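Colleague: got a structure for you, letters missing:
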């Protein structure tokens, strides 16, 4: 990949490469045993991968009597990829290697409502800084991955419908970045990328069936089925933030409906309820925070609840219950072993998470919920970047692209 | 499989066999082209499969100039499997070939509440009749598949928890049948098998993402993700009949909770509401049917609604709405291209299905629901038997078992 030799997809190539990526340094004999390929085929494939620069000779392995065998390993440093995550109030960018490790990262406040031109312009400036800061002896840039808060048509790399930032609808995010950097670009929903990051390098590792929930401005999510991201017929899987939950909520959602889960349990909805409780004096703590000149958003409601404010706790409990009611259908339908919530706002023992967990358990089939684990994302704010790196690398090392 | 040669799982064997099963008669050249294997490897694998009896020479294919190539094809008749489906009020058994075709079928009224001993005893009598009726020149029996109305622990072949027939809980269905017939036995949830039947041989063919719903005594379901049955962490996926939907329903469900979807939208719940409307005279049509000495069950409510009874239509509308509310979360979370409902009770334009469809569309993300199709099972009552045949054959022809 970094050298001249091009890989021609051949028998067993992706079995060998996949095992090297997943299993770390390993001898040729062990590769043959675990792939079921002959020693001869394994040796040929390893030679091809070494020639391509994707694999290198490693340490001397353990001897089993004769000459100690040499291990081979995946060269995560063979190429770099750029990754970015757009959130409701920030932009994060990073430089990653082929192993999904984030090498450098930059984070700053941003408002995607400024529109795709301004926001992606700033992302490009940050990308350029990351590229310029690399040492002279560096591997080539091979791809870009970017997460967007909303549904994305994977085939075209464009955001579609039901966006909290309608300015982005149908904007050619992929084409813009691939034209500028001349590398393949993957555009994906942010929750999908966070779930993928957790699956490959975080708490979801080893779980085949996971329900991932992102409590951002709205409610986003992702479904992992049989160890892989479930995308659905049009790539919109996980978009349960727009399920109807309550006729009591009159504010129209950005999807065009009213009563969406997002309008009860999303950060914007929580902040709005907190703001009202501060203004009308129902919550002394929120009123005091507001008196210090701070706007009341979701974070302030979580803080006030932690400080003992019953009104904030009640807002969060209702939000957690609404999310739990919708999630119960998904837990019962999918029987995951893990429900993972992103670490942006929620913590494992706050009123939101407590009400969410209790509602899911109360409303689901008892035998399916019995062994269900609940956890908060372990990768924290990096989950999306890590997932973006993996989505790019998976595609780069797929049969479709590797031979190019 | 029917002859002496045993198959040793080797490179490309399952690619070749899988393509022969899925694609029908095909030349060796086409097999090589579509599997990516060399002509030499394809020829070796086909020879092994012919020696095992699973594959045979077929017609002469189309010539492309030289000698016309001979096609090879999967021998669906190489073995037989027995299949059975236990429903709330009936038992269906059948004899199938390796292509999932049901060769003979028997159906009779039965009540699984009589307990597993009596019910499986009767299934065995029917199985024995099917076996005895086969001609002398017959292939060997290689497996049994049986569907149970409720969650099944796939690993042990035993029904677990939340059964409408509690007598069956933890009964060793698989062990009983495998001991008696000395073949591998697959025990599975009935809705899973119906969905699999539709996926392989019915309306769901070609759909990668499907939500399947069974309106039986309770509400069952199954999820197809990326072209395969999604089973979940413990095999309980699709059990959304026990999601909480209404505090107005006081009857406790057999799962131990109250307010379950099954208690609003299942056949037993619909029948119970119809019975009340007949007894208290709110529905003249249901009262008249009851006056003829017929007990009022779900079928009578569907019939009365079709005859114009507004009370029955209202019962069905409420049931369809409740099912739609839960399904909206699944449709939004999974983004299927097809929602398929079993053909037992529901038809495409009755009040139940109309309310169900409208509720799913109203309550889901508009862009995810836009292209969603709704349909009624095309295989009708045979879907479960066909699925049971495929689940057995898939396992028989898997790398794990084929070499034995």
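Modeller: Yep, that arrived. Quick caveat, the model's predicted, so the values are computed rather than measured.
Colleague: Give me the residue ranges of the stretch 51-200 of chain A where confidence is low.
Modeller: Across the stretch 51-200 of chain A, residues meeting the criterion (pLDDT under 70) sit at A:61-68, A:161-163.
Colleague: Please enumerate the helices of it.
Modeller: Here the stretch 51-200 of chain A has its helices, by DSSP state H, counting those that start in this stretch, at A:116-132, A:173-181, A:190-201.
Colleague: Around the residue of the stretch 151-300 of chain A found nearest chain B, how many other residues sit close by?
Modeller: Using Cβ to the nearest Cβ, the single residue of the stretch 151-300 of chain A nearest to chain B is residue A:232, 2.6 Å away. Just so you know, the C-beta spots here come from the backbone N, C-alpha and C atoms, and that holds for glycine as well. For residue A:232, the count of nearby residues is 24 (other Cβ atoms under 10 Å in any protein chain shown).
Colleague: Which of the helices of the stretch 51-200 of chain A has the highest mean neighbour count?
Modeller: Among the helices of the stretch 51-200 of chain A, ranked by average contacts under mean count of other Cβ atoms under 10 Å in any protein chain shown, first place goes to helix A:190-201 (a mean of 28).
Colleague: How about that one and chain B, touching?
Modeller: No - using Cβ under 8 Å from any Cβ of the partner chain, helix A:190-201 never reaches chain B; the gap is at least 11.1 Å.
Colleague: and what of stretch A:369-380?
Modeller: Yes - contact of stretch A:369-380 with chain B (Cβ under 8 Å from any Cβ) involves residue A:371.
Colleague: Mind listing what's buried along that stretch?
Modeller: Across stretch A:369-380, burial judged by 16 or more other Cβ atoms under 10 Å in any protein chain shown covers A:369, A:372, A:374-379.
Colleague: now that stretch, how far from the chain's geometric center?
Modeller: 15 Å (Cα atoms, centre = their mean, to the nearest Å).
Colleague: How about stretch A:48-65?
Modeller: 32 Å.
Colleague: likewise stretch A:72-88?
Modeller: Its chain's C-alpha centre and that of stretch A:72-88 lie 14 Å apart, by Cα atoms, centre = their mean.
Colleague: first vs last residue of it, how far apart are they?
Modeller: Length of stretch A:72-88, first residue to last, Cα to Cα, to the nearest Å: 43 Å.
Colleague: what residue lies at the spatial centre of chain A?
Modeller: Chain A has residue A:194 as the residue nearest its centroid, 1.5 Å off, counting by Cα atoms, centre = their mean.
Colleague: Might you report the residue contacts of that one?
Modeller: Applying Cβ atoms under 8 Å, 6 or more residues apart in numbering or on different chains to residue A:194 gives the contacts A:147, A:212, A:214, A:222, A:342, A:377, A:379, A:383-384, A:387.
Colleague: can you give me the end-to-end distance of stretch A:183-192?
Modeller: Using Cα to Cα, one end of stretch A:183-192 lies 22 Å from the other.
Colleague: repeat for stretch A:89-103
Modeller: Span of stretch A:89-103 from end to end, Cα to Cα: 23 Å.
Colleague: Would you pull up how far it lies from the middle of the chain?
Modeller: 11 Å.
Colleague: mind checking the backbone torsions on residue A:376?
Modeller: Phi and psi for residue A:376, reported as degrees, to the nearest 10, are phi -100, psi 140.
Colleague: Tell me how far it lies from residue A:191.
Modeller: 15 Å (Cβ to Cβ, to the nearest Å).
Colleague: swap in residue A:367?
Modeller: The value you get for residue A:367 to residue A:191, if Cβ to Cβ is used, is 28 Å.
Colleague: same thing with residue A:100?
Modeller: 18 Å.
Colleague: What's opposite the closest residue to residue A:26 other than its chain neighbours in the beta bridge?
Modeller: Once flanking residues are discounted, residue A:26 sits nearest to residue A:71: 5.9 Å by Cβ to Cβ, 6 or more residues apart in numbering or on different chains. Judged by DSSP bridges, the bridge partners of residue A:71 are residue A:27.
Colleague: Could I get the contacting residues of residue A:71?
Modeller: Counting by Cβ under 8 Å, 6+ apart, residue A:71 has contacts A:25-27, A:57-61.
Colleague: Need the max-distance pair from those residues.
Modeller: Greatest spacing in the contacts of residue A:71, by Cβ to Cβ: A:26 and A:60 (12.9 Å).
Colleague: nearest residue to residue A:309 other than its sequence neighbours?
Modeller: residue A:285 (4.1 Å).
Colleague: Show the model's pLDDT score for the one you found.
Modeller: Predicted confidence (pLDDT) for residue A:285: 96.
Colleague: Surely it touches residue A:302?
Modeller: No - using Cβ atoms under 8 Å, residue A:285 is not in contact with residue A:302; the gap is 11.8 Å.
Colleague: What is the neighbour count of residue A:113?
Modeller: Neighbours around residue A:113, by other Cβ under 10 Å: 14.
Colleague: who's in contact with the nearest residue to it once chain neighbours are set aside?
Modeller: Among residues not flanking residue A:113 along the chain, residue A:165 sits closest, at 5.3 Å (Cβ to Cβ, 6+ apart). Counting by Cβ under 8 Å, 6+ apart, residue A:165 touches A:112-113, A:149-150.
Colleague: again, 10 Å this time
Modeller: For residue A:165, the contact set (Cβ atoms under 10 Å, 6 or more residues apart in numbering or on different chains) comprises A:86, A:88, A:111-116, A:119, A:148-150, A:159, A:171, A:217, A:254.
Colleague: is it true that residue A:258 touches residue B:363?
Modeller: No - Residue A:258 lies out of contact with residue B:363 (Cβ atoms under 10 Å); the separation is 11.1 Å.
Colleague: between those two, what contacts are shared?
Modeller: With Cβ under 10 Å, 6+ apart as the test, residue A:258 and residue B:363 both reach residue A:244.
Colleague: Same drill for those two, tell me which one is more crowded.
Modeller: residue B:363 (26 against 14).
Colleague: So for the host helix or strand of residue A:302, what gets flagged as buried?
Modeller: Element membership for residue A:302 (DSSP states H and E) is helix A:298-306. Across helix A:298-306, burial judged by 16+ other Cβ under 10 Å covers A:298, A:300-305.
Colleague: Of these, which is the nearest to chain B?
Modeller: Among the buried residues of helix A:298-306, and counting by Cβ to the nearest Cβ, the member closest to chain B is residue A:298, at 21.9 Å.
Colleague: correct me, but that closest one touches residue A:274?
Modeller: Yes - counting by Cβ under 10 Å, residue A:298 touches residue A:274, with 7.3 Å between them.
Colleague: any idea where the helices of the stretch 301-404 of chain A begin and end?
Modeller: Using DSSP H, counting those that start in this stretch, the helices found in the stretch 301-404 of chain A span residues A:310-334, A:351-363, A:366-369, A:383-396, A:399-402.
Colleague: Skipping its backbone neighbours, what lies nearest residue A:297 in space?
Modeller: Nearest non-adjacent residue to residue A:297 (Cβ to Cβ, 6+ apart): residue A:271, at 3.8 Å.
Colleague: ok, that neighbour touching residue A:289?
Modeller: No - between residue A:271 and residue A:289 there is no contact under Cβ under 10 Å: 11.9 Å.
Colleague: Angles on the backbone of the residue in the stretch 301-404 of chain A positioned nearest to chain B, please.
Modeller: Proximity of the stretch 301-404 of chain A to chain B (Cβ to the nearest Cβ) peaks at residue A:335, 2.6 Å away. Main-chain torsions, residue A:335, degrees, to the nearest 10: phi 50, psi 60.
Colleague: and it, what pLDDT?
Modeller: Looking at residue A:335, its pLDDT stands at 94.
Colleague: For it, give me its contacts.
Modeller: A:209, A:211, A:364-365, A:367-369, A:371-372, B:151, B:223, B:230-239.
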